[in-house]
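Enquirer: for reference, the sequence and a predicted model appear below.
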Amino acid sequence: MKENNNTLVKLENTGVQVDNKWLVKGVSFEVQRGKIVTLIGPNGSGKTTTAKLALGILKNIEGKVYKFTDKIGYVPQKISIDWTLPLRVSDFMLLTENLKNNEIDTALDLTGVKHLKNNDLRNLSGGEFQRVLIARAIAKKPDLLVLDEPVQGVDFKGEIALYELIKKISEKLGCGILLISHDLHVVMSATDYVVCLNGHVCCSGTPQAVANDSKYKELFGDRASTILSVYEHDHDHTHSTDGSIETKK
Amino acid sequence: MFDDFFIRALAAGLGLAFVTGPLGCFVIWRRLSFFAGTLAHSALLGVTLAFSFDINISFSVLLVSSAIALILLRLQKTTKLPGDALLGLLAHSSLAIGLVVIGFLSYIRFDIMGLLFGDILAVNKKDLLVIWVGGAIILLILKIIWKPLFASTVNYELAEAEGMQPEKVNIIFTILMAAIIAISIKMVGILLITGMLIIPAAMARNLANNPQQMVVLSIIGGILAVLVGLFSSMQFNSASGPSIITAALLLFILSFLKINKLRQLKK
């Protein structure tokens, strides 16, 4: 990938070590406007760490991270809200951005949780909370969305719908997306660029290129590369966030 | 109007309540109760240094408390000790150094009780000016950093990722804490300022269901505590500072009764 003015964030040979142990090392890639880049890899391979490198959260890193935007929406992998904070969904939506009431409604509606707007954040289920997190990240219309396993705990129907929503948002807002996912089906069908991590960049490229890479097969098994063929077909319908099917016109 | 000592005490206490209300909410949200205590303890060192070098007490306390707070932020990053151990270390060592220094200043007669518990009835017009102007500045800064500070209270990494600069606002907040202790030490003293920060906010937590509401209720709680405390200290001839904190505690207990009643109604 060549650098151009569509680049939102660019990592150059980055790495980070804690207590003399490298969490990840030698990671390079970039996220461009309107493109979805996905990080895959086994547990402990440094996916979340790489996302944090891209976000600039980690200090004392090796290599260079160039950020070309400050308008970032982040859905972290883990987040716990302290019970000492009285926080409604609507307060949480305003955490880092001043939004109009109808902007909040629209975003919550997109992820199917508008009815929870005035609920206390602590009383949501895991899946509901995840939908609120996604709504908050997209409501501010970011240039760059960083989604760390965004659909964990979401029911099966919702999962597909949310992934399609994410794809739709990247097209509509023209934002770049850095996605971490264990769901190889989704990754291989809806991504522009895949980075396969295992403490370092194991292989990277288009989904097709990665699926055929011998290192990818080594890491995920032969069966993983056949996933792609299953998903290379045309959809004649779409799923809305509540799971109902809409036929394409 | 401010010629009467009781009016001055009221004005000082109310001014204090406006500032400790919002700051106290952050103390509760960020689990900083012990931190506030540590800063208050270090204030004794600030007072003794003020006497040693003949400088303004509030200014000296602000410097020492800020320094201790910044040392703490630094130690949290560079040592492997848990936060509460570091707080204990700083609180008790700065208190001890303060007392050692007092011992050397034998030519000055120290009112230790006054330092520990303050004397709100002895507030003069100049103190009042410091409280109201200083308090207004603290509140103004708090309002400016509210959004990033609140975001980093909810989730540090999220705030950092989305450009809220949590490290910077943390330092500013820490200095604001040192500042409120500096301007209030003469009134409520080292031991009671922590109570003024924590108890009204804790009461508000029992009643509020969103952050703004909690801040407003915390201020109202502080104001009520000052009014009830001061008038009852007049009535029963009890110590003023401790009376204010006792009144705050009573309000906290009342707020507890109220949520229990609400729960019963829901059933």
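Expert: That came in fine, so what should we check first?
Enquirer: what average pLDDT does the host helix or strand of residue B:85 get?
Expert: In the assignment (DSSP states H and E), residue B:85 maps to helix B:83-104. For helix B:83-104, the mean per-residue pLDDT is 88.
Enquirer: can you give me the strands for chain A?
Expert: Using DSSP state E, the strands of chain A run over residues A:7-18, A:21-32, A:36-40, A:62-67, A:72-75, A:144-148, A:176-180, A:193-197, A:201-205, A:237-239, A:245-247.
Enquirer: give me the packing partners of the fourth one, helices and strands only.
Expert: Packing partners of strand A:62-67 (3 or more Cβ pairs under 8 Å, 6 or more residues apart in numbering or on different chains; DSSP states H and E): strand A:7-18, strand A:21-32. For the C-beta atoms, the positions are set from N, CA and C on the backbone; glycine is no exception.
Enquirer: tell me which strands the last one pairs with, and in which orientation.
Expert: Applying DSSP bridges to the sheet, strand A:21-32 is found paired with strand A:7-18 (antiparallel).
Enquirer: got the helices and strands packed on strand A:62-67 as CSV, with mean neighbour count and mean pLDDT columns?
Expert: Output for those, formatted as CSV (neighbours: other Cβ atoms under 10 Å in any protein chain shown; pLDDT from 0 to 100):
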stretch, mean neighbour count, mean pLDDT
strand A:7-18, 18, 91
strand A:21-32, 19, 91
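Enquirer: before we move on, back to that, what's the helix holding residue B:85 in contact with?
Expert: Residues from elsewhere that reach helix B:83-104 (Cβ atoms under 8 Å, 6 or more residues apart in numbering or on different chains): B:34-35, B:37-38, B:41-42, B:44-49, B:52, B:64, B:68, B:71-72, B:75-76, B:79, B:81, B:110, B:112.
Enquirer: and the next element down the chain from that helix?
Expert: helix B:112-117.
Enquirer: show the end-to-end separation of stretch B:25-35, please.
Expert: One end of stretch B:25-35 sits 14 Å from the other (Cα to Cα, to the nearest Å).
Enquirer: list the buried ones in that stretch?
Expert: Neighbour-count burial for stretch B:25-35 flags B:25, B:26, B:27, B:28, B:29, B:30, B:32, B:33, B:35 (criterion: 16 or more other Cβ atoms under 10 Å in any protein chain shown).
Enquirer: that one close to chain A?
Expert: Yes. Counting by Cβ under 8 Å from any Cβ of the partner chain, chain A has neighbours in stretch B:25-35: B:28, B:29, B:31.
Enquirer: within range of chain B, give me the residues from chain A.
Expert: A:52, A:55-57, A:70, A:72-74, A:76, A:79, A:81-82, A:84-88, A:91-92, A:95-96, A:120, A:146.
Enquirer: need the longest helix for chain A.
Expert: Longest helix in chain A, counting residues (DSSP state H): helix A:156-173.
Enquirer: which one, of the helices and strands packed on strand A:62-67, ends up nearest to residue B:171?
Expert: Smallest distance to residue B:171 across the helices and strands packed on strand A:62-67 (Cβ to Cβ): 23.9 Å, for strand A:7-18.
Enquirer: angle of that closest one against strand A:193-197?
Expert: Relative orientation of strand A:7-18 and strand A:193-197, computed by axes from the mean of the first three to the mean of the last three Cα atoms, to 10 degrees: 0 degrees.
Enquirer: tell me the domain ranges of chain A?
Expert: Domain assignment for chain A by automatic domain parsing gives A:1-71+A:142-231, A:86-141.
Enquirer: and of these, who's closest to residue B:217?
Expert: So among the domains of chain A, domain A:86-141 is nearest, using Cβ to Cβ, at 10.2 Å.
Enquirer: okay, now the unreliable bits of chain A?
Expert: By pLDDT under 70, the low-scoring segments of chain A are A:1-4, A:225-249.
Enquirer: go with 80
Expert: A:1-5, A:82-83, A:183, A:185-190, A:221-249 (pLDDT under 80).
Enquirer: in this structure residue B:218 contacts residue B:198, no?
Expert: No. Taking contacts as Cβ atoms under 8 Å, residue B:218 lies outside contact range of residue B:198: 10.1 Å.
Enquirer: show me the common contact partners of those two, please.
Expert: Counting by Cβ under 8 Å, 6+ apart, the residues touching both residue B:218 and residue B:198 are residue B:24.
Enquirer: tell me which of these two has more neighbours.
Expert: residue B:218 (28 against 21; other Cβ atoms under 10 Å in any protein chain shown).
Enquirer: residue contacts, that one?
Expert: Neighbour list for residue B:218: B:21, B:22, B:24, B:25, B:200, B:201, B:203, B:204 [criterion: Cβ under 8 Å, 6+ apart].
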